[in-house]
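coordinates only, sequence not included:
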């Protein structure tokens, strides 16, 4: 039993060390569920289909958090995911979207930058490039997080596929941290069928509360297991077990 206790102590020390290292680094998040978002920025507030809006533009989340959204040049356009009057991509049908381009032909460009009213734990969205032919293909999206001092906290890329399925299969690219220090986020492309500045995103999800890390969950499981073993051992020593 002493060996088991020593082993538990050693394993806990190892997990604690790994957890500390993991929590110190921002993490790439590839699904909205994994982000554990507590709030959302819906682009419907910028107007109906084909509305051009200022650059930058102030928006408010469903939960009342203000943010300033901008893009590299030009003005963005509010479009919808549909095959009749909107964008034919692989967002979910009728998603309200932010398009960096201009339906009137102006050459506007991303990346898209979002500055939050206060730092958050994590941010993400689904993203699709603008395309003509072929009707499907590959691209690479990017996300970069900054702190209040403008320093880069982390940057990631993710491979994606575009098509006109309208099935919600557009890749989700997000980033999270153990501290609420993400003050600004930047979404863009590094590879695209047309221009890396020509793309569309749907609603932005973000977390204002801590996001559980896998290493933390592993530590909890280990502590629980070792704790149960210790209680059984103490129970036998005191002859209180039945």
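Yep, it's here. Computed from a predicted structure; not experimentally measured. Numbers count the residues shown, from 1 in each chain.

Verify the stated contact: residue 174 with residue 123.
Yes - at 6.1 Å, residue 174 and residue 123 qualify as touching, with contact defined as Cβ atoms under 8 Å. C-beta: built from backbone N, CA, C; applies to glycine.

Now list whatever residues contact both of those two.
Both residue 174 and residue 123 are contacted by 35, 143, 205, under the criterion Cβ atoms under 8 Å, 6 or more residues apart in numbering.

Mind checking which of these are in strands?
Counting by DSSP state E, the shared contacts of residue 174 and residue 123 place 143, 205 in strands.

Would you format the shared contacts of residue 174 and residue 123 as TSV with neighbour count included?
What follows is the shared contacts of residue 174 and residue 123, written out as TSV (neighbours: other Cβ atoms under 10 Å):
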residue	neighbour count
35	23
143	24
205	23
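
which one of the shared contacts of residue 174 and residue 123 is nearest residue 178?
Within those, the smallest distance to residue 178 is 13.8 Å, found for residue 35 (Cβ to Cβ).

With residue 118 as the reference, measure out to the closest one.
18 Å (Cβ to Cβ, to the nearest Å).

I'd assumed residue 76 was in contact with residue 53.
Yes - between residue 53 and residue 76 there is a contact under Cβ under 8 Å: 5.9 Å.

Between these two, which is the more surrounded one?
residue 76 (28 against 18; other Cβ atoms under 10 Å).

picking that back up, for the shared contacts of residue 174 and residue 123, give me JSON lines that also has distance to residue 154 and pLDDT.
Below are the shared contacts of residue 174 and residue 123 laid out as JSON lines (distance: Cβ to Cβ, whole Å; pLDDT from 0 to 100):
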{"residue": "35", "distance to residue 154": "14", "pLDDT": "98"}
{"residue": "143", "distance to residue 154": "9", "pLDDT": "98"}
{"residue": "205", "distance to residue 154": "17", "pLDDT": "98"}
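
pLDDT weak spots in the chain?
Regions of the chain meeting the criterion pLDDT under 70 cover residues 1-24, 103-107, 133, 212-242.

returning to that earlier point: let's have the shared contacts of residue 174 and residue 123 in JSON lines, adding distance to residue 162.
Shown next, in JSON lines, are the shared contacts of residue 174 and residue 123 (distance: Cβ to Cβ, whole Å):
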{"residue": "35", "distance to residue 162": "22"}
{"residue": "143", "distance to residue 162": "17"}
{"residue": "205", "distance to residue 162": "20"}
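
And the shared contacts of residue 174 and residue 123, which is closest to residue 186?
Of all these, residue 143 has the smallest distance to residue 186: 7.0 Å, by Cβ to Cβ.

Bridged to that closest one, which residues?
Legend: beta-bridge partners of residue 143 under DSSP bridges are residue 156, residue 187.

swap in residue 200?
In this structure, residue 200 bridges to residue 99, residue 128 when assessed by DSSP bridges.

Please name the residues that touch it.
Contacts for residue 200 (Cβ under 8 Å, 6+ apart) come out as 79, 87, 89, 91, 97, 98, 99, 100, 127, 128, 129, 130.
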